[in-house]
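**Q** No sequence on hand, only this structure:
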């Protein structure tokens, strides 16, 4: 399809996004060394290859650590539909770990007091728990991360229960026309939830849509799956702009690796980390541009190579955090958001 930017074309399933190409930057020179799903997702989210001896923090936890909170009662980092394989806070403290939401439409569950427990009774029980734990914490297990983590998570839950912004998780507050704009799929609801959370000061929201591993029958799958992304992403960009939030919100459409440029004999495409694309918008990104280049076959990056660590550095750069600040792991090894080699792609801005 032609788009509203001369010289930029998108695939036929991106009919909505083609009308908003002036908002987006396409990075066509992504490359990775990780060609399996789990390691690929881990690498792109953390900037580090998986190791058995350590779990690295994901970019969302780095941002929460470096930028702090803007809303003291809501978590700084939320994941939606990401499952159990997300690295989360890694070796960081649990106060920057993501709050996982399994189903955006159902919102945040089990976060209200029981109907037969008054606020005064709840506060009495809470104070009693703190009293009983005090000696255990201070005398027997002082400084232990697991003990500290338990108390941090408990206090986070109580703070969230009492937040006036708890209604951010309730999509029923949105109009029927807004729901129609985003679409009916879980991913669509996840992006709508992300917008509601960003409005209220949540720093980082990670929404996942799986089901793109098309080793067979890629064309039929494409026609069923990509329109979901097209509608929801286009709605998000439009919605953020209408609310005056697009300039201060970085939107990244990411994947763990690409697919083979050549179609297989079963009409599919296999794993291909050597060359693939990302999309960025908002957050100071200059829209209507294409960055990087592959050869004519789409098989090799030939200009402006970009890696996962570079994208993490770019996220940090866009959000104004110290992406190259070093933190020590419990084993006293140095790590940073941008990894060792990551550099922000400043030409996108």
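**A** Yep, that arrived. Everything quoted here is computed from the prediction, not taken from an experiment.
**Q** helices and strands around the helix or strand harbouring residue 25, which ones?
**A** When elements are assigned from DSSP states H and E, residue 25 belongs to strand 24-30. In terms of contacts (3 or more C-beta pairs under 8 Å, 6 or more residues apart in numbering; DSSP states H and E), strand 24-30 is packed against strand 276-282, strand 289-291, strand 293-294, strand 301-303. C-beta: built from backbone N, CA, C; applies to glycine.
**Q** cutoff 6 Å now
**A** strand 276-282, strand 289-291 (3 or more C-beta pairs under 6 Å, 6 or more residues apart in numbering; DSSP states H and E).
**Q** Between those strands, which shows the greatest average number of neighbours?
**A** Mean neighbour count (mean count of other C-beta atoms under 10 Å) peaks for strand 276-282 among the helices and strands packed on strand 24-30, with a mean of 22.
**Q** Give me the mean pLDDT for that one.
**A** Across strand 276-282, pLDDT averages out at 98.
**Q** how far is it from where the chain is centred?
**A** 13 Å (C-alpha atoms, centre = their mean, to the nearest Å).
**Q** With stretch 154-172 instead?
**A** 20 Å.
**Q** Show the end-to-end separation of it, please.
**A** Taking C-alpha to C-alpha, to the nearest Å, the first and last residues of stretch 154-172 lie 27 Å apart.
**Q** Flag every buried residue along it.
**A** Under the neighbour-count criterion of 16 or more other C-beta atoms under 10 Å, stretch 154-172 has 156, 160, 163, 165-166, 168-169, 171 buried.
**Q** Stretch 119-133 now?
**A** Under 16+ other C-beta under 10 Å, stretch 119-133 has no buried positions.
**Q** who's in contact with that stretch?
**A** residue 113 (C-beta atoms under 6 Å, 6 or more residues apart in numbering).
**Q** Following element in sequence after the strand holding residue 25, please.
**A** Following strand 24-30 in sequence, per DSSP H and E, is helix 37-46.
**Q** ok now whichever helix or strand comes after that next one, how far from the chain's centre?
**A** Sequence-wise, the next helix or strand downstream of helix 37-46 (DSSP H and E) is helix 59-67. Computed by C-alpha atoms, centre = their mean, the chain-centroid distance of helix 59-67 equals 11 Å.
**Q** Give me the angle between helix 59-67 and helix 37-46.
**A** Orientation check (axes from the mean of the first three to the mean of the last three C-alpha atoms, to 10 degrees): helix 59-67 against helix 37-46 gives 20 degrees.
**Q** pLDDT averaged over helix 59-67 - what is it?
**A** Computed over helix 59-67, the mean pLDDT rounds to 97.
**Q** try stretch 261-273
**A** 97.
**Q** And that stretch, what's buried?
**A** Applying 16+ other C-beta under 10 Å to stretch 261-273 flags 261, 268-269, 271-273 as buried.
**Q** How about stretch 66-85?
**A** Within stretch 66-85, the residues that count as buried by 16+ other C-beta under 10 Å are 66-67, 69, 71, 73-82.
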